[in-house]
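3D model of this:
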Amino acid sequence: MRRLGEYITLNLVLLLLWAFLAAMDGSIAPLEGAILFYAAFIGLLHHASIKQFLFGSEPGDDGG
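The predicted structure follows:
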């Protein structure tokens, strides 16, 4: 479960980076980039509760 939690965090960080770079590049509209960036940032702030919801365990539990 720990690796899956790290995978979720890594994907949120990559989404932050992609949204920022795509908005700066002009691939997506700045408003779309801001919305994606904001959603990923909020996800990172609340990643412990998201993991608890998905896995049904305590935030600090390694499952071992």
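
Do a quick rundown of the helices in the protein.
2-25, 30-45, 47-55 (DSSP state H).

how many degrees apart are the last one and helix 30-45 in direction?
Helix 47-55 runs at 80 degrees relative to helix 30-45, counting by axes from the mean of the first three to the mean of the last three Cα atoms, to 10 degrees.

now for helix 47-55, which elements pack on it?
helix 2-25 (3 or more Cβ pairs under 8 Å, 6 or more residues apart in numbering; DSSP states H and E). Glycine gets a C-beta too; all of them are placed from N, C-alpha and C.

buried ones in the helix it packs on?
Under the neighbour-count criterion of 16 or more other Cβ atoms under 10 Å, helix 2-25 has 5, 8, 12, 15-16, 18-19, 22-23 buried.

Which of those residues sits closest to Ile50?
Taking Cβ to Cβ as the measure, Ile50 lies nearest Ile8 of the buried residues of helix 2-25, at 6.9 Å.

Read off the pLDDT value for the closest one.
On pLDDT, Ile8 comes in at 84.

Who are the contact partners of Glu32?
Contact partners of Glu32, counting by Cβ atoms under 8 Å, 6 or more residues apart in numbering, are Ala23.

how near is it to Tyr38?
For Glu32, the distance to Tyr38 (Cβ to Cβ, to the nearest Å) stands at 11 Å.

For Ala48, see how far away the residue nearest the centre of the chain is.
Ranked by distance to the mean C-alpha position of the chain (Cα atoms, centre = their mean), the top residue is Leu12 at 2.4 Å. As for Leu12, its distance to Ala48 is 12 Å (criterion: Cβ to Cβ).
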